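# just the structure for this:
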Amino acid sequence: MFVRCRALLLSVAAVLLCGAAVIAGVTTPAAAAAPAAAADHVLTVLGAGPYRIGGSLDRLVTAGLITEPSAPDANGAQVATSLGDWPGELLLTFYHGRLAVLDTSAGTVRTAAGARVGMSFDQVDALYHGTGRLITGTGGSTAYVLCYPPMAMVFGDHPIRPGVGSITVGPAWLVLRNVTS
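Here you go, the predicted model:
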């Protein structure tokens, strides 16, 4: 009888300890060795990952996060492409050494609401619950625009197929100027 009670108590103790380990979040070595999930690349009106609107061109160059920037144009604008965890996914425009505009044509980048390049304008409108508006530029281009004053997010059309071909974020006066011209 003593042996059976002792075995039962040991079994109950083992179950309790295993349950406590699960509750505490202890994992087995096999679970700990599971591969890391792919990076989630989210673009907002404030930036994406290490690429923050207003951030320093010099800091991003020093960190090796962008390609060699172009020479400044007459307006002080320079462009570069993202590197690191975001290789080639973002086109960055700097004015006088500060990040002003981010643009992507990559389907791997999403907005916080889940919009991506390749979606229809109706799908984007549904994700944003009709808070944006569809506009047509003077050149005939179509864009879905979301304003977060003083910033804006513009879903530009695709030159070949219907729907979103790019997503651009930055100061509204700057990104909307490019849509309406």
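
# so which strand or helix has the residue nearest the centre of the chain?
Centroid-nearest residue in the chain: residue 42, 1.5 Å away (criterion: C-alpha atoms, centre = their mean). According to DSSP states H and E, residue 42 maps onto strand 41-44.

# at which residues are the strands of this structure located?
With DSSP state E, the ranges of strands along the chain come out as 41-44, 47-48, 51-52, 77-81, 91-95, 98-104, 109-111, 133-136, 142-148, 151-157, 164-171.

# would JSON lines of these with distance to residue 66 and mean pLDDT be doable?
Where you see a C-beta, it was placed from the backbone N, CA and C, and this is true even at glycine. Output for the strands of the chain, formatted as JSON lines (distance: least, C-beta to C-beta, whole Å; pLDDT from 0 to 100):
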{"stretch": "strand 41-44", "distance to residue 66": "15", "mean pLDDT": "96"}
{"stretch": "strand 47-48", "distance to residue 66": "12", "mean pLDDT": "97"}
{"stretch": "strand 51-52", "distance to residue 66": "8", "mean pLDDT": "98"}
{"stretch": "strand 77-81", "distance to residue 66": "4", "mean pLDDT": "98"}
{"stretch": "strand 91-95", "distance to residue 66": "6", "mean pLDDT": "98"}
{"stretch": "strand 98-104", "distance to residue 66": "9", "mean pLDDT": "97"}
{"stretch": "strand 109-111", "distance to residue 66": "16", "mean pLDDT": "97"}
{"stretch": "strand 133-136", "distance to residue 66": "30", "mean pLDDT": "93"}
{"stretch": "strand 142-148", "distance to residue 66": "25", "mean pLDDT": "95"}
{"stretch": "strand 151-157", "distance to residue 66": "21", "mean pLDDT": "96"}
{"stretch": "strand 164-171", "distance to residue 66": "16", "mean pLDDT": "96"}
